[in-house]
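>>> Make a model of this:
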Amino acid sequence: MMRAEDLFWPVLGAAAVLAGFGLAWFAPDAFWPGLGLAPAVLLLAWAVAFPARATALWLLVVATCPEMWLTDLLRLPDPERIIGLDKAAGLVLVLFCVLRYGSRLHIANPALAYPAMACCTGFGRG
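Modelled structure (predicted):
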């Protein structure tokens, strides 16, 4: 007997693929973003289901400096977009971790790193 949890990933994958095909069918100019929709939705769902593993994977990806190699690969004029996406992904993972494991207020909480960095950057820039 199949449980409902066993059907989650196949149904989500099929829905993402159908959404990508629908976007490609009704908006052919958006074919390439639609093609990336299915893996993006599956990756986001995986991050919701396993936020600790997704955080470890995010740390490994960010450690490779994607703002350098992805800027060259996509031929972007400046790396600020990639840096912003890196930080946004980190903030989304923090949100998933807080929703999954609860918020604990203590000095060694890694979720406090982003507000501290934003505060220090704000003071540094005047």
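>>> Show me where this protein has its strands.
Read by DSSP state E, the chain holds no strands at all.
>>> remind me which residues of it are low pLDDT?
Applying pLDDT under 70 to the chain picks out residues 1-6, 103-112, 121-126.
>>> so what are the domain limits for it?
Using automatic domain parsing, the domain ranges for the chain come out as 1-49, 50-126.
>>> Mind putting those domains into TSV with mean neighbour count?
In this view, the C-beta of every residue, glycine as well, is placed from N, C-alpha and C. Converted to TSV, the domains of the chain look like this (neighbours: other Cβ atoms under 10 Å):
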stretch	mean neighbour count
domain 1-49	13
domain 50-126	12
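>>> Which other helices and strands does the lengthiest helix in the chain contact?
For the chain, the longest helix by residue count, based on DSSP state H, is helix 80-101. Helix 80-101 is packed against helix 37-49, helix 51-63, helix 66-74, helix 113-125, with contacts defined by 3 or more Cβ pairs under 8 Å, 6 or more residues apart in numbering; DSSP states H and E.
>>> Could I get these in TSV, plus columns for distance to Ala89?
Below are those laid out as TSV (distance: least, Cβ to Cβ, whole Å):
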stretch	distance to Ala89
helix 37-49	9
helix 51-63	6
helix 66-74	10
helix 113-125	12
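>>> Can you give me every residue that contacts the residue most central in space within the chain?
The structure's the chain has its C-alpha centroid closest to Ala89; by Cα atoms, centre = their mean the separation is 4.0 Å. The neighbours of Ala89, taking Cβ atoms under 8 Å, 6 or more residues apart in numbering as the test, are Trp58.
>>> so how far is Ala47 from it?
Going from Ala89 to Ala47 by Cβ to Cβ, to the nearest Å gives 9 Å.
>>> can you check Ala63 too?
In terms of Cβ to Cβ, Ala63 sits 18 Å off from Ala47.
>>> just Glu80 next, same as before
24 Å.
>>> same check, this time on Leu23
For Leu23, the distance to Ala47 (Cβ to Cβ) stands at 22 Å.
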